[in-house]
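Asker: Mind looking at a prediction? Sequence and model below.
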Amino acid sequence: GQSLEQPSEVTAVEGAIVQINCTYQTSGFYGLSWYQQHDGGAPTFLSYNALDGLEETGRFSSFLSRSDSYGYLLLQELQMKDSASYFCAVQNQGGKLIFGQGTELSVKP
Amino acid sequence: DAGVIQSPRHEVTEMGQEVTLRCKPISGHNSLFWYRQTMMRGLELLIYFNNNVPIDDSGMPEDRFSAKMPNASFSTLKIQPSEPRDSAVYFCAIRDREAFFGQGTRLTVV
């Protein structure tokens, strides 16, 4: 089967840096991706890692270590609008995409 | 355009009634997912299709749930009969490297 673990909630202040970790178990791992979801909205894609290392997209970066079955999302220069839920998701070679339970990020002034 | 249109956006129905949720990938797509989201269970994968064929329906909770994808531009998720515990937001998504979600259908079964 597949399973993912991520913290349920994180709190940080504006301008800070926050890291959201994700560990996973899956067979036939293909890639790890991150999604953001605001209240009442749909999940939207942030970042994707298929290979080890860091991917940077503006203020957001994502890291993957396949040997450790571990990844993280790094959010820099936090803004109030970053308050949302963040999901890691694993894709296996069969095309299945499974999401973690989500991390609720609260950004305080 | 990789958009996905879901209908209806909101559905309130009485227990025992049949409910049909619809999904239309705007530009047609071969890989389509149905998810259900609740506070308790998070974002659960119900079923996914590839080339209009169901690949994995192990997440479909029970026989009351069924899904079809007759072509690359349309899919349905049907619940018959519906129960209050089916109340959730149902998302349809298409995927290449990344998944694009529709806005969801908020289903309330009373």
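Answerer: Yep, that arrived. Numbering: from 1, shown residues only, chains lettered A, B, ... in the order given.

Asker: Now do the contacts for the residue of chain A positioned farthest from its centre.
Answerer: Note on chain A: the largest C-alpha distance from the chain mean falls to A:Pro109, namely 22.7 Å (Cα atoms, centre = their mean). By Cβ atoms under 8 Å, 6 or more residues apart in numbering or on different chains, A:Pro109 lies in contact with A:Val13, A:Glu14, A:Met80. Using the backbone N, CA and C atoms, a C-beta is placed for each residue, glycine as well.

Asker: Give me the subset of those residues lying in strands.
Answerer: Using DSSP state E to define strands, the subset of those located there is A:Val13.

Asker: For chain A, which residues are neighbours of chain B?
Answerer: A:31, A:33, A:35, A:41-45, A:48, A:87, A:89, A:94-102 (Cβ under 8 Å from any Cβ of the partner chain).

Asker: can you do 6 Å?
Answerer: Counting by Cβ under 6 Å from any Cβ of the partner chain, the residues of chain A close to chain B are A:Ala42, A:Pro43, A:Phe45, A:Tyr48, A:Gly95, A:Lys96, A:Ile98, A:Phe99, A:Gln101, A:Gly102.

Asker: The spatially most central residue of chain B: what's its closest spatial neighbour, skipping adjacent residues?
Answerer: Relative to the mean C-alpha position of chain B, the nearest C-alpha, by Cα atoms, centre = their mean, is the one of B:Trp34, at 3.8 Å. The shortest distance from B:Trp34 to any non-neighbouring residue, by Cβ to Cβ, 6 or more residues apart in numbering or on different chains, is to B:Leu46 (4.5 Å).
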